[in-house]
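1. sequence unknown, structure follows:
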C-alpha cells in the first residue's frame, strides 16, 4: 500500500487528485464541528451516556451525531436513496431501461437519486426535530418555531453539502467520494476508542500486565482486519468455455474464462440493515424521552447491543441470535435482487459460452442459483462473525467502543477498492507513455 502511494505521488495528475481529496476531507471534518443552531448540545449528549443504541449512528458520522453538528445526518440519506433506487430498478422496467441507456440514462438516474436524497434528508430532519422538541432538547427563541426551522434547514443542507463533496471527490479526486467520506468519519473515532481501551485495560497496570493487554488488543484487531480482507477478496470462480466459430477462413473463439462470485456478495449492506433496524426503536424512544417497561421493555433491552453477552444478564443475548438471522436473511434478499443468474445464463448463451458439463439456458441458470445459495450462506456467516466478535469482547470485558465489525468491513473494503483504482490509473498512464514513445 505504501509503495502504491509513493508511486502515485510521482505522477502530477494523481498527486493533484490526492491533494483535492485531502482538502475535501478537511472540509468534512471541520463541518462536523459546527453545531446546529437551536439544539441544546449538553442535553443532547446525555443520550450518549451508558446506552449504546446510538453509537452506530455516531460512529458512521464521525461524532457529528453526538455533537449534533450540521453534518449529523452524514451521507446516510444518499446511501439509503441509492439502495432504494436499486430496488426500484428491479421493480420498474422503465428505470431498468433508463439505467441501460448509456451515459444519458445514468445521468438521469443520478439526478433522481439526488432528489430522493434531499427528500429523505428533509424527512429525517423533520422527524428528528419533532423528537428533539418532545424530548426537551430544543432551545427557545422569541420567534415561534424558529429553532425547528433552523434545525431542519441546517441538517438538510448539511446532508446535501456532503453529497456534493462526495460527488466532487469521485469526479476530481481519488476513489468513490461517498465511500471515502464515510470512511474518514469512521476513522476519526478510532483514536477515541483506542484511548478508552487504554484507560480500561492498560492505565494504572504494571508494565508487564499493560504490555500483555496491549499485545492481546493489537492481536485481536489485526486478526479481525485480516479476516475481513480475506472475506472481501474471496470468490468462487466458475469456469466458462466458449465454442469455436468460423469467420471467413479463420477459426475464432475456443477460449476459456471464469464467472467470479464473491463470497461476500452483498458487502456490508446486510449488517447495516440489521443494525439499523435493531437500533432505530431505542433511538426514537430516547429522543422522545420515553421509558418502556414490561414485556416490550425487555424486548427493547434485548435489541440493545450494549446488553449482549453480559455475564450479568445473558437473556438479552437472544437479540444477538436475531441479529445473525437478520444478517443472513438480508444477505439472501439483497444478493437475489442485484445478481440475476438468468440474465448471466442468457448472455453466455448468446455469446456462445457454456459451463463445462452444464447445458446452456435454464440449466445454467439453475446451476448458478444453487452455487449462489451456498456462497451467500458462507459470506453471511463470515459477516456475522465479524459483526459479533467486537460485541462479544465488549460484553464479556466491558470494553465499549463505537467502531465494530461493520466499521472494519467498510474501512477495509473502501481502502482496498481505492488502492485498486489508484493502481489502474497508474497503469493507464504507463500505457499512454508507452504508446507515445
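-> Thanks, I have the structure now. Computed from a predicted structure; not experimentally measured.

2. So, low pLDDT: which residues of the chain?
-> Across the chain, residues meeting the criterion (pLDDT under 70) sit at 1-5, 7-8, 40-60, 62-63, 135, 140-144, 244-254, 286-289, 398-405, 428-437.

3. host element of residue 257?
-> When secondary structure is defined using DSSP states H and E, the element that contains residue 257 is strand 256-262.

4. ok, then the element right after that strand?
-> Proceeding C-terminally, strand 256-262 gives way to helix 269-287 as the next helix or strand, assigned by DSSP H and E.

5. what's the offset of that next one from the middle of its chain?
-> On the basis of CA atoms, centre = their mean, to the nearest Å, helix 269-287 sits 14 Å off its chain's mean C-alpha point.

6. go on, stretch 111-124?
-> Averaging C-alpha coordinates over stretch 111-124 and over its chain gives two centres that are 18 Å apart (CA atoms, centre = their mean).

7. Report the buried residues of it.
-> Neighbour-count burial for stretch 111-124 flags 113, 114, 116, 117, 118, 120, 121, 122, 124 (criterion: 16 or more other CB atoms under 10 Å). Quick note: C-beta positions are derived from backbone N, CA and C, even for glycine.

8. so who does the last one touch?
-> The one in question is residue 124. For residue 124, the set of contacting residues under the criterion of CB atoms under 8 Å, 6 or more residues apart in numbering consists of 73, 77, 155.

9. any idea which of those is closest to residue 39?
-> For the contacts of residue 124, the residue nearest residue 39 by CB to CB is residue 155; the value is 9.8 Å.

10. Show me what whichever strand or helix holds residue 370 is packed up against.
-> Here residue 370 sits within helix 362-397, counting by DSSP H and E. Using 3 or more CB pairs under 8 Å, 6 or more residues apart in numbering; DSSP states H and E as the contact test, the elements touching helix 362-397 are helix 207-233, strand 235-242, strand 256-262, helix 269-287, helix 318-338, helix 341-350, helix 405-436.

11. Which residues in stretch 73-86 does the neighbour count mark as buried?
-> 73, 74, 75, 76, 77, 78, 79, 80, 81, 82, 85, 86.

12. now what about it, what contacts it?
-> Identification of contacts with stretch 73-86 by CB under 8 Å, 6+ apart yields 57, 60-62, 64-65, 95, 109, 112-113, 116-118, 120-121, 124-125, 155-156, 158-159, 162-163, 166, 178, 181-182, 185, 269, 337-338.

13. Sort out which of the residues you listed are buried, if you could.
-> By the neighbour-count criterion of 16+ other CB under 10 Å, those include these buried positions: 57, 60-62, 64-65, 95, 109, 113, 116-118, 120-121, 124-125, 155-156, 158-159, 162-163, 166, 178, 181-182, 185, 269.

14. in the stretch 101-250 of the chain, which spans are helices?
-> Counting by DSSP state H, counting those that start in this stretch, one finds helices in the stretch 101-250 of the chain at the ranges 102-135, 146-172, 177-188, 190-201, 207-233.

15. Deepest in the core, which of those is it.
-> When you average the neighbours per residue for each of those (mean count of other CB atoms under 10 Å), helix 177-188 leads with a mean of 22.

16. quick one: it to helix 146-172, angle?
-> For helix 177-188 and helix 146-172, the angle between their directions (axes from the mean of the first three to the mean of the last three CA atoms, to 10 degrees) works out to 110 degrees.

17. what packs against helix 177-188?
-> Using 3+ CB pairs under 8 Å, 6+ apart as the contact criterion, the secondary-structure elements in contact with helix 177-188 are helix 12-31, helix 55-60, helix 76-91, helix 146-172, helix 405-436.

18. how about residue 328, what does it touch?
-> Each residue near residue 328 by CB under 8 Å, 6+ apart is listed here: 270, 377, 380, 381, 384.

19. wait, I meant residue 220
-> Counting by CB under 8 Å, 6+ apart, residue 220 touches 389, 393.

20. Could you check how far it is from residue 309?
-> Applying CB to CB, to the nearest Å, one obtains 15 Å for the distance of residue 220 from residue 309.

21. Residue 193 too?
-> The span separating residue 193 from residue 309 equals 18 Å under the rule CB to CB.

22. roughly how far out does stretch 334-348 sit from the chain middle?
-> Counting by CA atoms, centre = their mean, stretch 334-348 comes out at 23 Å from the chain centroid.

23. go on, stretch 61-70?
-> With CA atoms, centre = their mean as the basis, stretch 61-70 stands 17 Å off its chain's centre.

24. Can you report how many residues lie near residue 374?
-> Here the neighbour count serves as a burial measure; for residue 374 (other CB atoms under 10 Å) it reads 12.
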